[in-house]
Every structure is written in structure tokens, then in C-alpha cells.
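Student: Return atomic coordinates for the entry below.
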Amino acid sequence: MRKTKSLLFFAFLAFLMEIASRLRLVSPLYFPPFSRILESLSELTLAGVLPMQLLHSLLRMACGYFLAVVVMIPLGIVIGTHRRWFLALDPLLELLRPLPPPAIIPIAILFLGIGDGMKISVVFFACSFPILTNSIDGSRLVHPLFIQTGETLGLSRFELLRKITLPAASPQIVSGLRTSLPICLIVTILAEMIGGEDGIGYWTLKMQRTFSIPEMYAGVLVTGFMGYFLNRLLWSLEARFLAWHQGWKKTGS
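Tutor: Predicted coordinates for the structure are as follows:
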């Protein structure tokens, strides 16, 4: 039902844009008919232009996001399970966490230029804090009784992490992954616009600067669809691998 309402609302906005542009209630130069945007989207897709630009952006997103996951989840679990580490690093994390990712783009350009290294490093920084803080919080929320039970059963420190801490913290960790995904997309597009040579962000801004307005809107649509499908993919993975948690919550309630 919710999906249907969202689709109907999107269709209504598209219809409104079409009519307003055709009747010249708004300037067709800045708000072309939606059918013209779809036509441009189809032509650019069949020509391979949009898929190629999209591929560049997805590869950068994947690299930065994957690095953040690989580094920050283990680091968060270690910090969360060691009180001294947490007390020592928490002030630094609280200092860096409010720093907006776009603010480091000039610094990244200064040291890394405008190549892929700059964009991936900015994406990595942007995704790091949601994943790290949720991993820390999830690890610290594990009930001490679970740890004590594992120790009584003779589990090693590594086995405690693998069999108790990680599963118990996984819902919180996944929440961090979900939070960081839209940030990942936004920062990738922004980095491409500021210092890019390709990618959907760079290409969309280029279309705007050359007044190819239908093509610009096509780029915006592709970006929106990309964010939607990535979010749905993460929700599907969560439903598959954390089905036990949903069942546990229902049983507990």
C-alpha cells in the first residue's frame, strides 16, 4: 500500500510537470515536459552514456563503502569491548563526528588531487562514523550475562567476539550500514561535481552548465533511482540475514 501511494505521488508530480510545461505555466527551458526527460533518459541509456557514468559512480561508492565496512566494524567492536579504549577514543570521536564530509573535500583535493583516490577517501570518511559509532554502541549493549555464560563454557576471546558479541551487535551494526548508504551516495555525487572527470555527478553538472536541461533531469532521475534500489537491496539483505532478530523482537513483544 505504501509503495502504491509513493508511485501514485511520483506519477502525479510527473503529470503536473508535463501539463505545466506544455501549457507554459512554467518555463519549458527550465522545466521541460516529463515525456521529454524520459525520451532523453531512454536515448542516453541505449547509447550507453548513462550506464557508463553510473558504473564509474557505483565503483567509487563500492570501494569507499567496502573500506569503511572492513575497517570500521572490527575497530568499533574492539573499542566497544575494551573500556579503556572507549574512554580514550570517545572524546576524539565526538570531536570528529560532527564534521560534515564535504568539508574535507578541499583537503582531500590538496593531498590527493582530483582522481579516484580523492573521491574514495571522502566516501570512506563519510561512511566511517555511522558504521563505527553503531558498531561501538552495539558491542557495548551486549548483556554482560551473555559474556559471562560464554566464559563459563570455556569460549576463547575470539570465540566470544564471533559467537556472542558480533551476533548480538549485528542489528545495531546493520543500522549503521543503512544510515551510511545514503550519505555514501550524496558524498560520491558531490565529490564528482567538485573535482570529477566522469561519473553521474560530474555528468549531471556538465549537462546543467551546457543547458542540456532534459539530460540534466535524466541524470537526477538516475541518481534518485540508484539511491532507491541500493536502499531496497540493503533492506532485503537485512531481512534475509537478520530474520532471527525480527522473530526475537516479535516474541519479546
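
Student: Touching stretch 85-97 from outside, list them.
Tutor: By C-beta atoms under 8 Å, 6 or more residues apart in numbering, the surrounding residues in contact with stretch 85-97 are Val78, Ile79, Gly80, Phe129, Leu132, Thr133, Ile136, Arg140. In short, each C-beta sits where N, CA and C put it, glycine included.

Student: Likewise for stretch 208-221?
Tutor: Defining contact as C-beta under 8 Å, 6+ apart, one finds that stretch 208-221 is touched by 29-30, 32, 36-37, 39-41, 44, 50, 53, 200, 203-204, 207.

Student: show me where the stretch 151-253 of the chain has helices.
Tutor: Taking DSSP state H, counting those that start in this stretch as the criterion, the stretch 151-253 of the chain carries its helices at 157-160, 166-195, 200-209, 213-241, 243-252.

Student: out of the ones you listed, which comes closest to Ala11?
Tutor: helix 213-241 (13.5 Å; C-beta to C-beta).

Student: The closest one vs helix 200-209, what angle?
Tutor: Our comparison of helix 213-241 with helix 200-209, counting by axes from the mean of the first three to the mean of the last three C-alpha atoms, to 10 degrees, yields an angle of 160 degrees.

Student: buried stuff in stretch 152-160?
Tutor: Under the neighbour-count criterion of 16 or more other C-beta atoms under 10 Å, stretch 152-160 has Leu155, Leu160 buried.

Student: to the chain's geometric centre, what's the distance from that stretch?
Tutor: Stretch 152-160 has its C-alpha centroid displaced from the chain centroid by 35 Å (C-alpha atoms, centre = their mean, to the nearest Å).

Student: Among the contacts of stretch 85-97, name the buried ones.
Tutor: If we count by 16+ other C-beta under 10 Å, the contacts of stretch 85-97 have these buried: Ile79, Gly80, Phe129, Leu132, Thr133, Ile136, Arg140.

Student: dump the residue contacts of the third one.
Tutor: I take that to be Phe129. Phe129 makes contacts with Leu93, Leu96, Arg97, as judged by C-beta under 8 Å, 6+ apart.

Student: how about 10 Å then?
Tutor: Applying C-beta atoms under 10 Å, 6 or more residues apart in numbering, we find Phe129 in contact with Ala68, Met72, Leu93, Leu96, Arg97, Pro98, Leu99, Pro101, Gly176, Thr179, Ser180, Ile183.
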